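K.L.:
I need the structure of the sequence given here:
(chains A and B)
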Amino acid sequence: MKKPIIVTRLAHAGWLEHRVRGLNLFETFGADSDIWDVISTAIGGPRLTREGIQTLNNISLTMTNPDPRIPPMKLMRVCAAYGGAMAAYGGFFSVMEDALIGTWSFGTAASALLELEKEIKDIDDLEAVTEAVLAAVERRGRIPGYGVPAREKDERVIALRRWLAERGRAKDHYFRLMNSVDDIMSERFKQSVNIAGAGCAACLDVGLAPRHIHVIGSLFGVAALLANADEGAQEKDQIIQSLPDDLIEYQGPPRRRSPRSSE
Amino acid sequence: MSESNRPPHDGEPYGPGPIDDQEWPERFVARAVGPGPDPTLHGYSIFEDLIPNYNASERALTAFLGEAPNEDQIRRFDLACGLASVVHVGDAPVHASVLASVVGARPENTLGLGATVLAEQARHDIDRHAALIAHFNDGPRYTQPERPSTSLAPLIAGLKRLNLESQAPKLARSLTGAAIALFCEVGLTARKQLAAALVWARFPTLAAEAIATSPGGLLRYPLDTPGYRYTEEE
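P.N.:
Numbering: from 1, shown residues only, chains lettered A, B, ... in the order given. Just a heads-up that it's a prediction; the model follows:
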């Protein structure tokens, strides 16, 4: 039987140089290159400008709170409880695809913002934006990227807005649209934009598509996640390995006998 | 453009590179499962022999052991799996699976994550019981516990019901240790064999809790248990 061949557009390993998405890797990327640019290229996204790279850095910086009580951090800690930082790290990412909490939602929010944009001729026409937002909420019940649990405003969005403004990027197309949507969602539905909603707009302005944002977004929280995988694996907290019975409240079927029970 | 990356022409691939220039085998080696319309497991026909003659648990033991088991091995394995099977939401593998549901992960992936952490738990249990396992692998050098643990009652009852003699009551301090001792008596003494048996034993119980857990519900989850207290002290 002839050996099956899979066509890839990703890469070919050479001896001294490697071909990646039509580029020579070490010739194209040099001493001053940034890993975000390589990642975007590798996943089929655009080559990134310095501004685009800094925007991705800004988003990542907002996601660096590694408090072990934040749900994804806690999940990482539980997975690392027996000392395996990398098993925890890999296992964690295995559940992030399509998850409601976590960075996959950046891509989901990006798709929603693009869908909204299709309904609006002029994104600076507040009436048109309002109409589109209300129609979207009517249709879907909610708009992904809006709604902040446990607090009125997402502090990460506050930080991102400040940094993008300092860099002159706060008026970019999708960030501007997101801000208008946020005004309406906050006023009408008390659902202000969360970091996924704001971050995805900034990513769209960088030139990334939703499918890239889903994937590249997995790296936004990596500092916090790695820190929890590391400390969790180092500490190997016995209490996380096994919580005492008196912290568990059983709410399943009452005690009963099986058909084969002899007593 | 460097020599080693000339562009393709007339159907030539990019290259060469270390992978292109190395001779690689083109066929995969199967050492346990024979593929095809009449697949085999360690040489036994799965459809014609194993399915008619062995139940799912016995086929699993065949898989881990490398041989079709005898009746003693089957009973011993079954008891060991039962003793090892108890994992609940307080245990990290089930906790991880449940928390994955809380964050809205796909149902299948909550099970996959649970299995990953079960493997981590198995690794931890095997490490903790290294001396007990060495007793079976390297000869009886294990120092027996001075007092039998009171938590071994299910082991004692199980051995009596199945009419089995075992070293487990003298060697084990816990039901996990008892299960590992029984697995060793069955012939499962290598790390991968023990890990496979422990994960197999625990996965259904983990799945029970995962299946019973609805997605979402963050506010019903004890996010701050156990509590974490931030400190900057050395």
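K.L.:
ok, now how distant is the spatially most central residue of chain B from residue A:249?
P.N.:
Among the residues of chain B, the one closest to the centroid is residue B:199, at 2.5 Å (Cα atoms, centre = their mean). Residue B:199 sits 27 Å away from residue A:249, taking Cβ to Cβ, to the nearest Å as the criterion. Quick note: C-beta positions are derived from backbone N, CA and C, even for glycine.
K.L.:
next one: residue B:61
P.N.:
Remark: distance between residue B:61 and residue A:249 (Cβ to Cβ) = 36 Å.
K.L.:
So those two - more neighbours on which side?
P.N.:
Set side by side, residue B:61 and residue A:249 show more neighbours around residue B:61, with 28 against 7, by other Cβ atoms under 10 Å in any protein chain shown.
K.L.:
So, low pLDDT: which residues of chain B?
P.N.:
B:1-14, B:143-150 (pLDDT under 70).
K.L.:
Helices along the chain, start to end?
P.N.:
All of this is about chain A. Counting by DSSP state H, chain A has helices at residues A:25-28, A:35-42, A:50-62, A:71-79, A:85-94, A:104-118, A:126-140, A:155-166, A:173-189, A:195-206, A:210-216, A:222-235, A:238-241.
K.L.:
please go with chain B instead
P.N.:
Using DSSP H, the helices of chain B run over B:18-21, B:51-53, B:56-65, B:71-84, B:92-102, B:107-128, B:130-137, B:153-162, B:168-171, B:175-186, B:191-212.
K.L.:
would you list those in CSV and tack on distance to residue A:93?
P.N.:
Output for these, formatted as CSV (distance: least, Cβ to Cβ, whole Å):
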stretch, distance to residue A:93
helix B:18-21, 26
helix B:51-53, 37
helix B:56-65, 29
helix B:71-84, 28
helix B:92-102, 11
helix B:107-128, 10
helix B:130-137, 31
helix B:153-162, 38
helix B:168-171, 39
helix B:175-186, 29
helix B:191-212, 18
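K.L.:
Pick the most buried one from those.
P.N.:
The highest mean neighbour count among the helices of chain B, using mean count of other Cβ atoms under 10 Å in any protein chain shown, belongs to helix B:92-102: a mean of 28.
K.L.:
between it and helix A:85-94, how many degrees?
P.N.:
On the basis of axes from the mean of the first three to the mean of the last three Cα atoms, to 10 degrees, helix B:92-102 is oriented at 30 degrees to helix A:85-94.
K.L.:
Quick check: which helices or strands does helix B:92-102 pack against?
P.N.:
Judged by 3 or more Cβ pairs under 8 Å, 6 or more residues apart in numbering or on different chains; DSSP states H and E, helix B:92-102 is in contact with helix A:71-79, helix A:238-241, helix B:107-128, helix B:191-212.
K.L.:
which parts of the second one are buried?
P.N.:
Okay, so that is helix A:238-241. Buried residues in helix A:238-241, counted by 16 or more other Cβ atoms under 10 Å in any protein chain shown: A:240, A:241.
K.L.:
can you tell if that helix touches chain B?
P.N.:
Yes. Helix A:238-241 reaches chain B (Cβ under 8 Å from any Cβ of the partner chain) through A:239, A:240, A:241.
K.L.:
The residue nearest to the second one when sequence neighbours are not counted: how many residues sit nearby?
P.N.:
Here the nearest residue to residue A:240 in space, its sequence neighbours aside, is residue A:81; by Cβ to Cβ, 6 or more residues apart in numbering or on different chains that works out to 4.2 Å. By the criterion of other Cβ under 10 Å, residue A:81 has 27 neighbours.
K.L.:
before we move on, what about residue B:45?
P.N.:
When neighbours are counted by other Cβ under 10 Å, residue B:45 registers 14.
K.L.:
hang on, isn't it packed against residue B:38?
P.N.:
Yes. With contact defined as Cβ atoms under 8 Å, residue B:45 reaches residue B:38; the gap is 5.8 Å.
K.L.:
Return the nearest residue of chain B with respect to chain A.
P.N.:
Chain A sits closest to residue B:104 of chain B, with a gap of 2.9 Å, by Cβ to the nearest Cβ.
K.L.:
Looks like that residue contacts residue A:95 (just checking).
P.N.:
No. The criterion here is Cβ under 8 Å, and residue B:104 misses it with residue A:95 at 9.1 Å.
K.L.:
Name the residue in these two with the higher neighbour count.
P.N.:
Of the pair residue B:104 and residue A:95, residue A:95 is the one with more neighbours under other Cβ under 10 Å, namely 30 against 20.
K.L.:
Could you check how far residue A:167 is from chain B?
P.N.:
Plainly put, residue A:167 is 31 Å away from chain B if you go by Cβ to the nearest Cβ, to the nearest Å.
K.L.:
Hmm, the residue nearest to residue A:240 is touching residue A:239, no?
P.N.:
No. Using Cβ under 8 Å, residue A:81 is not in contact with residue A:239; the gap is 9.0 Å.
K.L.:
quick one, what contacts the residue in the stretch 51-200 of chain A positioned nearest to chain B?
P.N.:
Closest to chain B within the stretch 51-200 of chain A is residue A:100: 2.9 Å, counting by Cβ to the nearest Cβ. By Cβ atoms under 8 Å, 6 or more residues apart in numbering or on different chains, residue A:100 lies in contact with B:103, B:104, B:215, B:216.
K.L.:
Spit out the contact partners of the first one.
P.N.:
When the contact criterion is Cβ under 8 Å, 6+ apart, the partners of residue B:103 are A:71, A:72, A:75, A:95, A:99, A:100, A:101, A:102, B:218.
K.L.:
quick one: the residue nearest to the last one when sequence neighbours are not counted from residue B:32, how far?
P.N.:
In space, and not counting its chain neighbours, residue B:218 is closest to residue B:102: 5.6 Å by Cβ to Cβ, 6+ apart. Plainly put, residue B:102 is 37 Å away from residue B:32 if you go by Cβ to Cβ.
K.L.:
Show me the residue sitting in the middle of chain A in space.
P.N.:
Note on chain A: the residue nearest the mean C-alpha position is residue A:103, at 1.8 Å, using Cα atoms, centre = their mean.
K.L.:
per-residue confidence at that one?
P.N.:
Model confidence at residue A:103, given as pLDDT, is 93.
K.L.:
quick one: low-confidence parts of chain A?
P.N.:
Using pLDDT under 70, the flagged stretches of chain A are A:263.
K.L.:
now do 50
P.N.:
Flagging of chain A using pLDDT under 50 yields an empty set of residue ranges.
K.L.:
quick revisit: wait, what's in contact with the residue nearest to residue A:240?
P.N.:
Neighbour list for residue A:81: A:232, A:236, A:237, A:240, A:241, B:92, B:117, B:120 [criterion: Cβ under 8 Å, 6+ apart].
K.L.:
can you do 6 Å?
P.N.:
A:240, A:241, B:92 (Cβ atoms under 6 Å, 6 or more residues apart in numbering or on different chains).
K.L.:
Grab the nearest non-local neighbour of the last one.
P.N.:
If I follow you right, that is residue B:92. residue A:81 (4.3 Å).
K.L.:
State the distance from the closest residue in space to residue A:54 that isn't next to it in sequence to residue A:50.
P.N.:
What sits nearest to residue A:54 in space, not counting adjacent residues and going by Cβ to Cβ, 6+ apart, is residue A:167, at 6.5 Å. Counting by Cβ to Cβ, the gap from residue A:167 to residue A:50 is 10 Å.
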